[in-house]
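Asker: Fold the following for me, if possible:
(chains A and B)
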Amino acid sequence: MNTQIAKAEVVVKGIGSGEVLRVSPPLSFWGGIDPATGKITDPRHPQHGVSIAGRAMVMERVVGSSSGSSIVLELIAANKAPSLLILSETDCIASLGVVVANAMDYAGFPVLQMTQEACAGLPEHVRVDETGTVYAG
Amino acid sequence: MRQTQEQDTRMQLTEEEQGWLDGNCGPAVRMATRVLVEMGGILGADRLIPITSAHIDGCLYHGPGGLDFAERLVRGRGQVVVPTTLNIGSIDLKKPDRIRLSAAEHDRATRLMKAYEALGCAPTWTCAPYQAGHRPKAGSDIAWAESNAVVFANSVLGARTNRYGDFIDICSALTGRAPNYGLHLSENRRATILIRTHAISDALKQRDVFYPVLGTWLGRVAGTDIAAIEGLPNTVTEDQLKALGAAAASSGSVALFHTIGVTPEASTTAEAFGDVAPAQIIDLDRDTLCGVRDALSTVKSAKLDAVALGSPHFSQSEMDQFRHLLGNRRASVPVYVCTGRHVGDRLASDGALGTLAEQGIEVVIDTCVVATPILKGKGGVLMTNSGKFAHYTPPNTGYETIYGSLEDCVESAVRGHVVRDESIWQ
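Answerer: I've put the predicted structure just below:
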């Protein structure tokens, strides 16, 4: 427990922990995730039906419409957001949703950036702190 | 190690902007500035720059969080400080019963639209604000949302905007500022891909039906890169460029394209490329084009259940063309024509709305059939002349799509089954 396993770049600061959910291929929040339930709704996605709520969501990048920012805010408002989000590419869609949520004093979640190699080494359950340090457990 | 705090301090704020962040201009401006500064840090902007125009997409209802955001801005005494237009909402305010949302959602979607009006935005409710009198000057920095409006503003008007989206659009309008990055910078506006279209016949290039297909293909090959298209006729119309851009923005993430000899930043090839050789040259051929055209249809069907037109919203000229093609005939399947008040108000005052209704034509105003539940049937086959509708209809409505020209769409609607004139593609 509490073993430091990686250091990520902080995109949006925060703390969070959860069971790792690797979402692959990357999806669009808008049209890909139901903001009321947190479930993946894109019928073409292999993880269709899986919920991202409360999970440590790991995805290469965010794709699709900029309305994805709204979906992220709605997920946070509905308490169905991931507990943290780790991406390998620069993103301004999901991050914007969290920045707005934080500005409204909603409980946002941390957004971090790490290489795909580093993401591959993540254990089943992770915790992150405000400095972007990732711990097992 | 990159941290939000460090990023905040890296953005150079003016004394005035720092004051907004401290709450000197009220809670709405404070929240808007905070969002811009934090996003500016994430986007790598060095500072905020003044803008002269905004177009807002955040007025489309997604849920209670977005409504809370907009109503907080209203309570926080927010008012836009630059001319600001509104993209479509979820409700046809002139005919609200048309929208098949639950009562609670209907109420919240209407409140969202009212909140954006209360912030001082013009109630244009259109995805084609550039045809509703909102035309920023070439070279001006603006903050526009809605992918087709962004690509039109950048490419056809020569104004400068990134692909802004929900929240950041209104934050920019309330402060008159946008983060300085991306397409606000001249060096990022030059083409890197040269598209040659000499293999395509001049006759086809005159036809409206060519442009959504060209745009769909362009989006796929260019992605987020900037292309300059060579060989389009100088008679290309604004509506054709609008259709091209809208399709390219939905199939790829195109925010800017140039057409050499036509658009304002590409009077010559050298200007389009900034005197640098193209990194890539692509020749478009007829087979590729026909393949893309075929892929815009998800079924091969003679059966037809609905026709949807007007994505982006029909201009006056497109509406006139549609009415001319329809003549005094009646449609045999439901036909939805989406447009804004800039066209709809005139139809209403001319008495044309009543005539069209009698002909089986529903003119949808303020909104759009792929953005909110309007289609009456339970699915089936929908025909459209829009590359953007063809792209979004299957995931958003459950309908299959068939792509055709406006002429084909009108003939099919009247006859009640799919009719397509293939001769122009030969």
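Asker: Name the residues of stretch B:397-405 that are buried.
Answerer: Using 16 or more other C-beta atoms under 10 Å in any protein chain shown as the test for burial, stretch B:397-405 gives B:Thr397, B:Tyr399, B:Glu400, B:Thr401, B:Ile402, B:Tyr403, B:Gly404, B:Ser405. C-beta coordinates here come from the backbone N, C-alpha and C atoms, glycine included.
Asker: contacting residues around the closest residue to the first one other than its chain neighbours?
Answerer: Of all residues not flanking B:Thr397 in the chain, B:Leu375 sits nearest, at 5.7 Å (C-beta to C-beta, 6 or more residues apart in numbering or on different chains). When contacts are counted by C-beta atoms under 8 Å, 6 or more residues apart in numbering or on different chains, B:Leu375 is found next to B:Ala306, B:Ala308, B:Pro334, B:Tyr336, B:Val369, B:Leu382, B:Thr397, B:Tyr399.
Asker: ok, the most centrally placed residue in chain B to B:Ser155 distance?
Answerer: The centroid of chain B falls nearest to B:Asn148 when counting by C-alpha atoms, centre = their mean (2.6 Å). The gap separating B:Asn148 from B:Ser155 is 11 Å, by C-beta to C-beta, to the nearest Å.
Asker: Please enumerate the shared neighbours of the two.
Answerer: When contacts are counted by C-beta under 8 Å, 6+ apart, B:Asn148 and B:Ser155 have B:Gly245 as shared neighbours.
Asker: Next, format the contacts of B:Leu375 as a markdown table and append pLDDT, secondary structure and distance to B:Gly120.
Answerer: Output for these, formatted as a markdown table (pLDDT from 0 to 100; DSSP: H, G, I helix; E, B strand; the rest coil; distance: C-beta to C-beta, whole Å):
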| residue | pLDDT | secondary structure | distance to B:Gly120 |
| --- | --- | --- | --- |
| B:Ala306 | 96 | strand | 37 |
| B:Ala308 | 97 | strand | 32 |
| B:Pro334 | 96 | coil | 37 |
| B:Tyr336 | 97 | strand | 31 |
| B:Val369 | 90 | coil | 29 |
| B:Leu382 | 96 | strand | 37 |
| B:Thr397 | 87 | helix | 33 |
| B:Tyr399 | 93 | coil | 37 |
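Asker: Which ChimeraX command selects the buried ones in these?
Answerer: The following ChimeraX line selects those of the contacts of B:Leu375 that are buried, judged by 16+ other C-beta under 10 Å:
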select /B:306,308,334,336,369,382,397,399
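Asker: what sits up against stretch B:240-248?
Answerer: The contact list for stretch B:240-248, computed with C-beta under 8 Å, 6+ apart, reads B:128, B:130-131, B:147-148, B:151-152, B:155-156, B:208, B:210-216, B:218-219, B:222, B:254, B:257, B:259, B:262-263, B:311-312, B:315, B:386-388, B:391.
Asker: with the buried residues of stretch B:397-405 in mind, which one is nearest to chain A?
Answerer: Using C-beta to the nearest C-beta, B:Thr397 is the member of the buried residues of stretch B:397-405 that lies nearest chain A, at 11.9 Å.
Asker: check contacts around the closest one.
Answerer: B:Val369, B:Val370, B:Leu375, B:Gly379, B:Leu382.
Asker: Can you tell me which of those is closest to A:Cys119?
Answerer: Among these, B:Val370 lies closest to A:Cys119 (C-beta to C-beta), at 34.4 Å.
Asker: What residues does B:His62 make contact with?
Answerer: B:His62 makes contact with A:Pro35, A:Ser67, A:Ser70, A:Ile71, A:Leu73, A:Glu74, B:Asp166 under the criterion C-beta under 8 Å, 6+ apart.
Asker: Sort out for me which of these are in helices.
Answerer: Judged by DSSP state H, the contacts of B:His62 include A:Ser70, A:Ile71, A:Leu73, A:Glu74 as members of helices.
Asker: Name the member of those with the most neighbours.
Answerer: Compared across the ones in helices among the contacts of B:His62, A:Leu73 has the highest neighbour count, 31 neighbours, by other C-beta atoms under 10 Å in any protein chain shown.
Asker: quick one: A:Ala94 from chain B, how far?
Answerer: 11 Å (C-beta to the nearest C-beta, to the nearest Å).
Asker: Without its sequence neighbours, what residue ends up closest to the closest residue to chain A within the stretch 51-200 of chain B?
Answerer: Residue nearest to chain A within the stretch 51-200 of chain B: B:Gly165 (2.6 Å; C-beta to the nearest C-beta). Counting by C-beta to C-beta, 6+ apart, A:Ser66 is the residue found nearest to B:Gly165 once chain neighbours are left out, at 2.6 Å.
Asker: Quick one: residues contacting that neighbour.
Answerer: Applying C-beta under 8 Å, 6+ apart to A:Ser66 gives the contacts A:Ile93, A:Leu96, B:Asp57, B:Ala145, B:Ser147, B:Arg163, B:Tyr164, B:Gly165, B:Asp166.
Asker: Name whatever forms a beta bridge with the residue most central in space within chain A.
Answerer: Nearest residue to the geometric centre of chain A (C-alpha atoms, centre = their mean): A:Leu85, 2.3 Å. Beta-bridge pairing of A:Leu85 under DSSP bridges involves A:Met57, A:Val111.
Asker: Please apply the same query to B:Val337.
Answerer: Beta-bridge partners for B:Val337, by DSSP bridges, are B:Leu309, B:Val363.
Asker: wait, isn't it in contact with B:Val363?
Answerer: Yes - using C-beta atoms under 8 Å, B:Val337 makes contact with B:Val363 at a distance of 5.2 Å.
Asker: okay, and the common contacts of those two?
Answerer: Shared contacts of B:Val337 and B:Val363 (C-beta under 8 Å, 6+ apart): B:Leu356.
Asker: what's the helix or strand for the residue nearest to B:Gly416 when sequence neighbours are not counted?
Answerer: Of all residues not flanking B:Gly416 in the chain, B:Ser332 sits nearest, at 3.3 Å (C-beta to C-beta, 6+ apart). B:Ser332 is part of no helix or strand when elements are defined by DSSP states H and E.
Asker: number of nearby residues for B:Ser332?
Answerer: Here the count is done by other C-beta under 10 Å, and B:Ser332 has 15 residues near it.
Asker: Pull up the gap between it and B:Ala173, please.
Answerer: Distance from B:Ser332 to B:Ala173, by C-beta to C-beta: 44 Å.
Asker: and the residue lying closest to B:Val292 once chain neighbours are set aside, what is it in contact with?
Answerer: Closest residue to B:Val292 apart from its sequence neighbours, by C-beta to C-beta, 6+ apart: B:Trp217 at 4.5 Å. With contact taken as C-beta under 8 Å, 6+ apart, B:Trp217 is in contact with B:Ser251, B:Leu284, B:Thr288, B:Leu289, B:Val292.
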